[in-house]
Each structure stands twice: as structure tokens, then as C-alpha cells.
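Visitor: Below: sequence and its predicted model.
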Amino acid sequence: NAGVTQTPKFQVLKTGQSMTLQCAQDMNHEYMSWYRQDPGMGLRLIHYSVGAGITDQGEVPNGYNVSRSTTEDFPLRLLSAAPSQTSVYFCASSYSRWGNTDTQYFGPGTRLTVL
Amino acid sequence: AQSVTQPDIHITVSEGASLELRCNYSYGATPYLFWYVQSPGQGLQLLLKYFSGDTLVQGIKGFEAEFKRSQSSFNLRKPSVHWSDAAEYFCAVAAGQNFVFGPGTRLSVLP
């Protein structure tokens, strides 16, 4: 199993550009989520999905869109990038809810810089 | 609202010394608690988790953590640190629909 994969690893955007961060998992996990990591702030939840066709907002959803058309994929879209979105983005997946006895598996991250 | 605090931003210990990383949480219900480790440029790896039962939890790489409800704490310990333990450590709490991370503690290990 490849686990959780993310592409690209690095990206530089100009303010106002759009892009999609890709996330895929091959563990047949129902739950997937996106976090951003900023210095001194740990990881903050952006959006999450409890299954194909179902998504919801996390702590910091503004400026980001998600969709979940398949179990495997959970892309994160930036419609109009802003410098405040410069961050490292992590995708994670788990078989069941976080409050259960399961574990979240994290991808290697995407480092995004918005100029 | 749920929150997690890690009072120490950066800790330096000598190789072979013992280690304790502090974590305090704020959550009204019974918490599900986690410790993750992140090596430079890598994703996060789960060290251990607490859901219920024995308040002393054993994890991978020789780590353990103790849940103390009265102190709202979940401190991570290791009796003898190895140079490869140098990394950033995150405490987290699963709180309903949310999963809240602390700000992290960076561990440096002196030879």
C-alpha cells in the first residue's frame, strides 16, 4: 500500500491564481481531512469528509473548497490564492471517526508559497 | 472550545537522558488523546493514543504517556533519549467533530 499520497510536494503561486492540491489514499478509509501547518500553531483542520459525497468545514475553511467524488480522492482547491495561505498542507485519512479507536494516517505534505 | 497547550516550545536534552514533554487540554467531555511525532520535512506519525482504561499508555519507539484527568494533562515520557528522537512532537485531542492539535514542542538532542 502506498498509504496517503499528496501532489505536488512544492508549489509557488502568485496572488489570485487558483490550484488544486491532490490527496489520495489506497486503504479504503472513509474519513479524510485537510490540515494546514503554520509555525507555532500546530495543525489546523480546514475541511473533512466522512465519505464519498459528504464534506464539512473544519476550523479554518475560508478560501478553500473540497469535494469527495470517490473514496480514494479528496482534493483541496484554492480558488484565488492569497499570501495568508502560504503554509504546509497535510492530508490525512482514517478508517473511522477520530473519536474511535482508529488512527489518522498523514501524507508527506505540500509546501505552498503564495507571492 | 477545545484547546491543547504545550508549554515548552523547544527542549534540549542530552542523549541518554530522560524526557518529559508536557501537554494540557481543555475539553468538557471524556477526551481521546494522541501524541504525534514529525521529523523534518516529513508527515506526522502516531506515537500513542489514549481512549479509556489504563491511564499509562505505551507507544512506539519506547515512549509512554500518562493521562491525569484531575490535571487535564497527557504528558509524554521516555526514559532514555536517542539522537534519532530529535523531532517535533504534537499533542492532540479528538473532540466531537474536530481534531485539535497543540502548537508542538521541538526536541533537540545533544550528543
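Guide: Received, thanks.

Visitor: ok, which residues in chain B are in contact with chain A?
Guide: By Cβ under 8 Å from any Cβ of the partner chain, the residues of chain B that approach chain A are B:4, B:9, B:32, B:36, B:41-46, B:49, B:51, B:90, B:92, B:94, B:96-104. Using the backbone N, CA and C atoms, a C-beta is placed for each residue, glycine as well.

Visitor: Which of those residues fall within strands?
Guide: B:4, B:32, B:36, B:44-46, B:49, B:90, B:92, B:94, B:98-101 (DSSP state E).

Visitor: Which residues does A:Thr20 form beta bridges with?
Guide: Beta bridges link A:Thr20 to A:Arg77, judged by DSSP bridges.

Visitor: Return the distance of the lowest-mean-pLDDT helix or strand in chain B from the chain's centre.
Guide: Within chain B, no helix or strand scores below strand B:98-101, which has a mean of 82 by mean pLDDT, DSSP states H and E. Centroid separation for strand B:98-101 versus its chain: 14 Å, with Cα atoms, centre = their mean, to the nearest Å.

Visitor: elements contacting whichever helix or strand comes after it?
Guide: Moving toward the C-terminus from strand B:98-101, the next helix or strand (DSSP states H and E) is strand B:105-110. With contacts taken as 3 or more Cβ pairs under 8 Å, 6 or more residues apart in numbering or on different chains; DSSP states H and E, strand B:105-110 sits against strand B:10-14, strand B:19-21, strand B:87-95.

Visitor: Mind putting the ones in strands among the residues of chain B next to chain A into CSV with neighbour count?
Guide: Listed next are these as CSV, based on neighbours: other Cβ atoms under 10 Å in any protein chain shown:
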residue, neighbour count
B:Val4, 24
B:Tyr32, 20
B:Tyr36, 25
B:Leu44, 26
B:Gln45, 16
B:Leu46, 16
B:Lys49, 21
B:Phe90, 24
B:Ala92, 26
B:Ala94, 22
B:Asn98, 17
B:Phe99, 26
B:Val100, 24
B:Phe101, 21
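
Visitor: what does chain A put close to chain B?
Guide: Applying Cβ under 8 Å from any Cβ, one finds that chain A approaches chain B through A:4, A:33, A:35, A:40-45, A:48, A:56, A:58-59, A:90, A:92, A:97-99, A:101, A:103-104, A:106-109.

Visitor: mind listing which of these are in strands?
Guide: Filtering the residues of chain A next to chain B for strands - DSSP E - leaves A:Val4, A:Ser33, A:Tyr35, A:Leu43, A:Arg44, A:Leu45, A:Tyr48, A:Asp56, A:Phe90, A:Ala92, A:Phe106.

Visitor: Looking at the residues you listed, state which has the most neighbours.
Guide: Most neighbours among those, by other Cβ atoms under 10 Å in any protein chain shown: A:Leu43, with 29 neighbours.
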